[in-house]
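> The sequence and its predicted three-dimensional model are supplied below.
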Amino acid sequence: MSAAAVGPLSHAIFRVARLHKSIAGRLLRELGLHPGQELVLMALWTDGPQRQVDLVEKTDTDAPSMARSIARLEKAGLVERHPSPTDGRALIVSATQASLALRAKVGDAWTELERLTAGTLSAEQREAALAALALLEEALSRAER
């Protein structure tokens, strides 16, 4: 009994997600980043300094993973953490000036990832894929509650 035979849709999602993450990892590694770290930087570049807990929500990750990502980004000089002036329990994360040098390169990496992901899909096929993925996400979100 194979995974593909028991759950063909789940197996296909697993394979696509693994390949997508692998390609993203390769593109980001060239910038000195790990997958997910670019999402933190993009959120900071777009919305400015914010609480670590808000970054968890925006990037749809968990708190321990976010703490590790921020620690690595801080060690690389790409973000800074400061205590919140209004909440002693919260940390405010901000992008550093050094991170701005990566902004266009991260955008280029995501553009390339999108190009590779879409492949030869037509505009209609891309829309259909997005609609199907939205339905799958909705079903899984309901199941997770």
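The structure has been received and is ready for your questions.

> For residue 121, grab phi and psi.
Main-chain dihedrals, residue 121, degrees, to the nearest 10: phi -60, psi 140.

> And for residue 31?
phi -100, psi 0.

> Give me the distance between it and residue 50.
22 Å (C-beta to C-beta, to the nearest Å). C-betas here are computed from N, CA, C, even on glycine.

> So in the protein, where's the weakest helix or strand by average pLDDT?
helix 3-6 (a mean of 76; mean pLDDT, DSSP states H and E).

> Now that one - C-alpha only, PDB.
Output in PDB follows, covering the C-alpha atoms of helix 3-6 (Å, rounded to 0.1, in the frame of the first residue of the first chain):
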ATOM      1  CA  ALA A   3       0.900   6.800   0.000                       C
ATOM      2  CA  ALA A   4       0.000   7.700  -3.600                       C
ATOM      3  CA  ALA A   5      -2.600   4.900  -3.600                       C
ATOM      4  CA  VAL A   6      -4.100   5.700  -0.200                       C
END
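
> just use 42 as the starting number from now, easier for me
Okay, using 42 as the starting number, the last item reads as helix 44-47.

> Which helix or strand lies directly C-terminal to that helix?
helix 49-70 (DSSP states H and E).
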